[in-house]
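Student: Sharing a model prediction with you, sequence too.
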Amino acid sequence: MPVSITASDAESRIIAGRIVQWDAEGNTSAGRTKFLPNSIQFGKNTKLVLEHNQTRPLGKLVEWSQDDTGITASFKIAKTTAGNDALEEAATGLRSDFSVGVEVDAWDNKDGVMAISSSKLIEVSLVTDGAIPGAEVEKVAATETPGTAATESTPEPQIEEPKTEGDDLVSETVSEAVSTEAVEAAKAEVKATSYPLNSQKVRNPIVDKASYLEHSVRASMGNEDSKLYVAAAADTTDNAGLVPTRQLTEVINGISNADRPAIDSISRGALPDAGMTFEIPKITVAPTVAAASEGGTPSETDQNSEFVSVSVSKYIGQQTFSLELLDRSSPAFFAELVRQMEFAYAKATDAAVVAALIAGGTDGGNRTVSAANVADFVSDAAVSIYKGTLGFAQNIIVSPEQWGALMGLVDGSNRPIFTQTINPQNAGGDLTATGVRGNVLGLNLRVDRNLTTGSGVGDNTMIIVNPDAYTWYESSRLQLQTNLISTGQVQVGYYGYGAVATKLGAGAYRWMVA
């Protein structure tokens with residue numbers, strides 16, 4: 001539930017602002033949600049993290065207060081590169097919102113809005129864009145130390161490794177069997193002298209740091225064999241045990257993320273608390289009024305309605321692994337596993353909404369990608385959606401390939417149509433290669449990989465939507481962990497319930513190719 005940052009003080013390394021606004025509705029992972037007054041309970045050691053990623057902490061909570069309108073908090077930012085970046089981004093408005101992550105204990109469904117009455121605060125996140133309109137930065141009080149930029153980068157502490165200098169290797173390990181003076185003397189001797197290696201392989205007794213230190217001392221005392229061993233130990237290909245391979249906790253992932261462009265392009269609602277189906281009343285015949293002569297019969301048409309039945313689906317994934325992996329691996333393993341399962345959940349639920357938009361939407365006719373055809377597509381969609389829903393087209397979802405095609409469209413003077421350049425007032429929108437959101441002829445654009453089929457520029461690779469015509473209802477996400485005694489394994493399930501309601505099928509207008 002994002003709200004605005006009100007202050008960012010780089011000198012004292014403080015980011016502060018309103019983290020919760022009572023009774024303010026916003027789109028969260030659980031749908032339309034609001035926090036009732038005094039509904040959040042603080043725990044110990046609350047952290048400020050980046051974009052709800054608890055493996056990327058920025059700072060700690062130092063002060064908070066609440067009143068009748070919400071909760072205000074201040075966070076002390078760590079002296080790390082990430083912390084410096086956070087201060088700069090907050091000060092310049094690049095990341096200008098707070099968003100709270102909570103564990104919900106009690107809630108009620110009030111007119112399709114999840115009203116939370118009791119919850120525990122898990123973390124607070126610094127985020128780029130808030131879901132609530134108008135949640136921009138109100139005030140940034142960033143100051144600078146004289147002569148130093150406010151966001152000057154502070155190097156992260158480096159882990160001291162053995163240092164290689166030419167053919168010489170200096171170890172920082174001290175053996176209890178050798179005096180400190182001897183060790184320092186050995187280091188000085190080794191650093192000052194370089195011994196040439198002969199062309200023949202010599203079986204080197206130096207196999208670890210302790211044996212290296214032993215022969216370093218012997219070499220400093222004149223032992224010729226030890227001098228050769230120490231010089232040879234500088235060759236990392238012969239002594240791999242002396243040059244350990246570090247494994248970082250950073251994870252490279254270029255195949256999945258938590259984006260749900262289709263879900264973000266339609267309206268959201270809280271899922272009813274029971275049942276695998278629910279119904280929404282829909283007017284099918286409206287009353288009429290007509291002009292009548294004096295004493296004439298009034299127009300009479302009975303109002304009719306029917307129910308739109310919506311099916312609830314369960315979206316679930318499972319991972320099975322050994323107890324040893326859970327108990328003996330890095331603590332980051334389980335956190336990363338859950339994060340990747342969340343990414344898979346996001347992909348599956350977004351794909352379900354894409355399928356509903358395609359199934360319920362209006363065929364927009366056969367077209368090829370050109371500036372004129374795109375303009376016709378948008379104008380035709382606006383008319384079709386308004387006539388069919390009495391609402392307006394607001395969002396356009398496109399495949400990555402169509403995103404590229406739109407960026408490449410130019411006018412008769414070879415100027416980009418949907419990219420603001422020197423003369424932005426003549427641009428038909430705002431698309432860039434550095435962001436998957438933009439604007440095309442007044443429509444909010446989102447890029448969705450679930451629209452890619454075949455070449456990525458075929459049927460149904462652009463969909464224009466009236467968000468009120470389709471609604472995504474969703475429960476909170478849940479985890480289920482089971483220990484399999486017979487096999488010594490652990491099974492973890494990650495799941496949630498969701499339903500997409502096609503309220504007015506004409507609210508989607510689909511691109512088709514010639």
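Tutor: Looks like it came in fine.
Student: C-alpha coordinates for stretch 254-272, PDB please?
Tutor: The C-alpha trace of stretch 254-272 is given here as PDB (Å, rounded to 0.1, in the frame of the first residue of the first chain):
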ATOM      1  CA  GLY A 254      16.900 -13.500 -16.800                       C
ATOM      2  CA  ILE A 255      13.800 -15.700 -17.300                       C
ATOM      3  CA  SER A 256      11.300 -14.700 -14.600                       C
ATOM      4  CA  ASN A 257      10.000 -11.800 -12.500                       C
ATOM      5  CA  ALA A 258       6.900 -10.700 -10.600                       C
ATOM      6  CA  ASP A 259       5.500  -8.400 -13.300                       C
ATOM      7  CA  ARG A 260       1.800  -8.900 -14.100                       C
ATOM      8  CA  PRO A 261       1.000  -6.400 -16.900                       C
ATOM      9  CA  ALA A 262      -2.400  -7.800 -17.800                       C
ATOM     10  CA  ILE A 263      -3.600  -7.800 -14.200                       C
ATOM     11  CA  ASP A 264      -2.300  -4.300 -13.700                       C
ATOM     12  CA  SER A 265      -4.400  -3.200 -16.800                       C
ATOM     13  CA  ILE A 266      -7.800  -4.300 -15.300                       C
ATOM     14  CA  SER A 267      -9.600  -3.500 -12.100                       C
ATOM     15  CA  ARG A 268      -9.000  -5.500  -8.900                       C
ATOM     16  CA  GLY A 269     -11.300  -6.900  -6.200                       C
ATOM     17  CA  ALA A 270     -11.000  -8.900  -3.000                       C
ATOM     18  CA  LEU A 271     -11.900 -12.500  -3.400                       C
ATOM     19  CA  PRO A 272     -15.000 -13.700  -1.400                       C
END
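Student: Next, the buried residues of that stretch.
Tutor: Of the residues in stretch 254-272, 258-272 count as buried by neighbour count, 16 or more other C-beta atoms under 10 Å. Every C-beta, even on glycine, is put in place using the N, C-alpha and C of the backbone.
Student: Next up, the contacts around the residue positioned nearest the centre of the chain.
Tutor: Closest to where the C-alpha atoms of the chain average out (C-alpha atoms, centre = their mean) is Ala258, at 5.4 Å. Contacts for Ala258 were tallied using C-beta atoms under 8 Å, 6 or more residues apart in numbering; they are Glu342, Phe343, Ala346.
Student: Kindly reformat those residues as TSV and extend each row with distance to Asn460.
Tutor: What follows is those, written out as TSV (distance: C-beta to C-beta, whole Å):
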residue	distance to Asn460
Glu342	27
Phe343	23
Ala346	20
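Student: PyMOL command to pick out the buried ones of these?
Tutor: To isolate the buried ones among the contacts of Ala258 in PyMOL, judged by 16+ other C-beta under 10 Å, type:
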select buried, resi 342+343+346
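Student: Filter the contacts of Ala258 down to the ones in helices?
Tutor: For the contacts of Ala258, the ones inside helices are Glu342, Phe343, Ala346, with DSSP state H as the criterion.
Student: Check the spacing between the last one and Gly93 real quick.
Tutor: Remark: distance between Ala346 and Gly93 (C-beta to C-beta, to the nearest Å) = 27 Å.
Student: what do you get for the first one?
Tutor: Distance from Glu342 to Gly93, counting by C-beta to C-beta: 28 Å.
Student: Pass me the low-pLDDT residue ranges in the chain, would you?
Tutor: Counting by pLDDT under 70, the chain has low-confidence residues at 1-11, 29-30, 129-204, 207-209, 232-246, 331, 420-428, 453.
Student: Surely Gln402 and Asp459 touch.
Tutor: No - Gln402 is beyond contact range of Asp459, at 11.5 Å (criterion: C-beta atoms under 8 Å).
Student: Find the residues that touch each one of those two.
Tutor: Common neighbours of Gln402 and Asp459, counting by C-beta under 8 Å, 6+ apart, are Trp511.
Student: Which parts of the stretch 151-300 of the chain are helices?
Tutor: 180-192, 209-220, 224-232, 261-264 (DSSP state H, counting those that start in this stretch).
Student: Excluding chain neighbours, give the residue nearest to Ala371 in space.
Tutor: Among residues not flanking Ala371 along the chain, Leu409 sits closest, at 4.8 Å (C-beta to C-beta, 6 or more residues apart in numbering).
Student: if I've got this straight, Arg446 is in a strand?
Tutor: Yes - under DSSP: H, G, I helix; E, B strand; the rest coil, Arg446 falls within a strand.
Student: residues in contact with it?
Tutor: By C-beta under 8 Å, 6+ apart, Arg446 lies in contact with Pro261, Ala262, Asp264, Ser265, Asn395, Ile396, Ile397, Val398, Val436, Arg437.
Student: Spit out the contact partners of the last one.
Tutor: Taking C-beta under 8 Å, 6+ apart as the definition of contact, the neighbours of Arg437 are Asn444, Leu445, Arg446, Val447.
Student: Could you count how many residues lie near the first one?
Tutor: A total of 16 residues lie near Asn444 under the criterion other C-beta atoms under 10 Å.
Student: Please apply the same query to the second one.
Tutor: The local packing count at Leu445 equals 25, with neighbours defined by other C-beta under 10 Å.
Student: and if you look at the last one?
Tutor: Residues near Val447, counting by other C-beta under 10 Å, number 22.
Student: Asn395 is in contact with that one, correct?
Tutor: No - using C-beta under 8 Å as the test, Val447 is too far from Asn395 to be in contact (11.9 Å).
Student: now the strands for the stretch 151-300 of the chain?
Tutor: Ranges of strands in the stretch 151-300 of the chain, per DSSP state E, counting those that start in this stretch, are 163-165, 168-170, 267-270, 277-285.
Student: Between Gln402 and Asp459, point out the one with more neighbours.
Tutor: Gln402 (24 against 15).
Student: could you say which helix or strand contains the more buried one?
Tutor: Assigned by DSSP states H and E, Gln402 falls within helix 400-407.
Student: So which other helices or strands are in contact with that helix?
Tutor: strand 443-447 (3 or more C-beta pairs under 8 Å, 6 or more residues apart in numbering; DSSP states H and E).
Student: The strand it packs on vs helix 400-407, what angle?
Tutor: 140 degrees (axes from the mean of the first three to the mean of the last three C-alpha atoms, to 10 degrees).
Student: After strand 443-447, heading C-terminal, what element do we hit next?
Tutor: Downstream of strand 443-447, the first helix or strand assigned by DSSP H and E is strand 462-465.
Student: what's whatever helix or strand comes next after that following strand packed up against?
Tutor: Per DSSP H and E, the first helix or strand lying C-terminal to strand 462-465 is strand 470-474. With contacts defined as 3+ C-beta pairs under 8 Å, 6+ apart, strand 470-474 has these neighbours: strand 31-35, strand 267-270, helix 332-360, strand 489-502.
Student: Could you chop the protein up by domain?
Tutor: Under automatic domain parsing, the residue ranges defining each domain of the chain are 3-127, 163-242, 261-288+300-513.
Student: and of those domains, who's closest to Gly254?
Tutor: Gly254 lies closest, by C-beta to C-beta, to one member of the domains of the chain: domain 261-288+300-513, at 11.7 Å.
Student: Settle this for me: Leu484 is touching Val492, isn't it.
Tutor: No - Leu484 is beyond contact range of Val492, at 11.4 Å (criterion: C-beta under 8 Å).
Student: hmm, back to that, could the contacts of Arg437 go into JSON lines alongside distance to Gly488?
Tutor: Below are those laid out as JSON lines (distance: C-beta to C-beta, whole Å):
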{"residue": "Asn444", "distance to Gly488": "51"}
{"residue": "Leu445", "distance to Gly488": "50"}
{"residue": "Arg446", "distance to Gly488": "45"}
{"residue": "Val447", "distance to Gly488": "44"}
